[in-house]
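Peer 1: I would like the atomic coordinates for the input below:
(chains A and B)
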Number of protein chains: 2
Amino acid sequence: MSYGGQYAPPGYHGAGGFAPRHDPPLGADPQLWQWFVAVDRDRSGHISVVELQRALINGDWSQFDLDTVKLLMNIFDTDRSGTIGFNEFSGLWKYIKDWQSVFHHFDRDRSGSIDGQEFQEALHQFGYRLSPQLLNLLQRKYGSTGHPGITFDRFVRACVVVKQITESFAALDTDRDGWVQVNYDQFMETVLTLP
Amino acid sequence: MSYGGQYAPPGYHGAGGFAPRHDPPLGADPQLWQWFVAVDRDRSGHISVVELQRALINGDWSQFDLDTVKLLMNIFDTDRSGTIGFNEFSGLWKYIKDWQSVFHHFDRDRSGSIDGQEFQEALHQFGYRLSPQLLNLLQRKYGSTGHPGITFDRFVRACVVVKQITESFAALDTDRDGWVQVNYDQFMETVLTLP
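Peer 2: Got it, this is the predicted structure:
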């Protein structure tokens, strides 16, 4: 039985056993600091996209896809440094743990991936009423290869994409009539800023 | 020196050496048939997404990302069977060869990836006049990890995305005034059908 995405066990990917070059911030959770140090393979004190991708694995041991890693970086690299420091990592860690619970909750048959019915229930419970066509489209787009259903990384991405498309639309729909008017640049920018 | 994406050498990924279960169609290019058989690892006579992803590698030996593989499948799986037969494979093969030439042409410094300036020149030559903001956005979105610039797989995806966003916009802009009016379902469907 395997569940959604999880960090590699400390020491599995990292060079565990060496003393970290940086000391933990005052009051830091020691376990979280351990994980941070394990992910920060070059001991720079910051986690790069590459380090993050190496550390994030799905329940089937596949690596997170790059676009999902970039999505996470975009959300948590709040100071836009291109890397994630320990404080940003704490937020990211909690976010992934929360998504794991969501994934676990909706993966009712404990298959390690989210099938069509489970996906529909998840989006419905998040408050999205999508047409069958859109649900089909999402499943085809975010479905994984090699086995049916959606793995943890792509499930997170699909949910965040729906949220962000909906928010982008709402931001453009200033008069709240369910229609938006956009020009080419706005259209392309809106599409390209989606994860 | 390494160039863009290329098929794995025949026999590298495939179970080369065994007699193929299927005979080549009459008049088939023998070399192309060899490659097809090498990619078709389970000898089903058809190439699945998984088989295609295993066979497609970038100049730096990284695997094509899943979304690019799906994009290629979507373009060439013309009978919507979910797999690619030999005839569809011939088209795909030519398409990748053509993109390799394009990539090679614009990778002026022969770095094996496309940097910002090279990317801008490529899009300009394809006839797209994008604002500096949009160019930046594209580079951030399709940039690869581990090294600067855009690898072959993501370069193809970026160019196809620009083409398809532009075409989607043009299809919606029926009165050709540079503005489109869409509702939520149209907006989401347009975004989700992009690669």
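
Peer 1: Next, the buried residues of stretch A:49-61.
Peer 2: Using 16 or more other C-beta atoms under 10 Å in any protein chain shown as the test for burial, stretch A:49-61 gives A:49-59. All C-beta spots, glycine's among them, are computed from the backbone N, C-alpha and C.

Peer 1: er, stretch A:35-54 actually
Peer 2: Neighbour-count burial for stretch A:35-54 [16+ other C-beta under 10 Å]: A:35-41, A:46-54.

Peer 1: circling back: reformat the buried residues of stretch A:49-61 as a markdown table; add pLDDT and secondary structure.
Peer 2: Shown next, in a markdown table, are the buried residues of stretch A:49-61 (pLDDT from 0 to 100; DSSP: H, G, I helix; E, B strand; the rest coil):
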| residue | pLDDT | secondary structure |
| --- | --- | --- |
| A:49 | 90 | helix |
| A:50 | 89 | helix |
| A:51 | 92 | helix |
| A:52 | 92 | helix |
| A:53 | 90 | helix |
| A:54 | 89 | helix |
| A:55 | 90 | helix |
| A:56 | 91 | strand |
| A:57 | 87 | strand |
| A:58 | 86 | coil |
| A:59 | 79 | coil |
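
Peer 1: Give me the subset of the buried residues of stretch A:35-54 that also touch chain B.
Peer 2: On the criterion C-beta under 8 Å from any C-beta of the partner chain, A:48-50, A:53 are the entries of the buried residues of stretch A:35-54 that sit beside chain B.

Peer 1: from the buried residues of stretch A:49-61, which is closest to residue B:134?
Peer 2: Proximity of the buried residues of stretch A:49-61 to residue B:134 (C-beta to C-beta) peaks at residue A:49, which lies at 21.8 Å.

Peer 1: Now do the same contact list for the closest one.
Peer 2: A:66, A:69-70, A:73, A:82, B:145 (C-beta atoms under 8 Å, 6 or more residues apart in numbering or on different chains).

Peer 1: I'd like the distance between it and residue A:185.
Peer 2: Remark: distance between residue A:49 and residue A:185 (C-beta to C-beta, to the nearest Å) = 27 Å.

Peer 1: swap in residue A:104?
Peer 2: Residue A:104 is 41 Å from residue A:185, where distance means C-beta to C-beta.

Peer 1: Check the contacts of residue A:49 and tell me the two furthest apart.
Peer 2: Top of the distance list for the contacts of residue A:49 (C-beta to C-beta): A:66 and A:82, 14.9 Å.

Peer 1: Could you dump the ones next to chain B among the buried residues of stretch A:35-54 into a markdown table with distance to residue B:90 added?
Peer 2: Output for these, formatted as a markdown table (distance: C-beta to C-beta, whole Å):
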| residue | distance to residue B:90 |
| --- | --- |
| A:48 | 41 |
| A:49 | 37 |
| A:50 | 36 |
| A:53 | 34 |
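
Peer 1: still on that earlier bit, go ahead and build a ChimeraX selection from the buried members of the contacts of residue A:49.
Peer 2: Applying 16+ other C-beta under 10 Å to the contacts of residue A:49 leaves a buried subset, and the ChimeraX line that selects it is:
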select /A:66,69,70,73 /B:145
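
Peer 1: and which of the contacts of residue A:49 is nearest to residue B:90?
Peer 2: Distance to residue B:90 across the contacts of residue A:49 (C-beta to C-beta) is lowest for residue A:66, with 29.4 Å.
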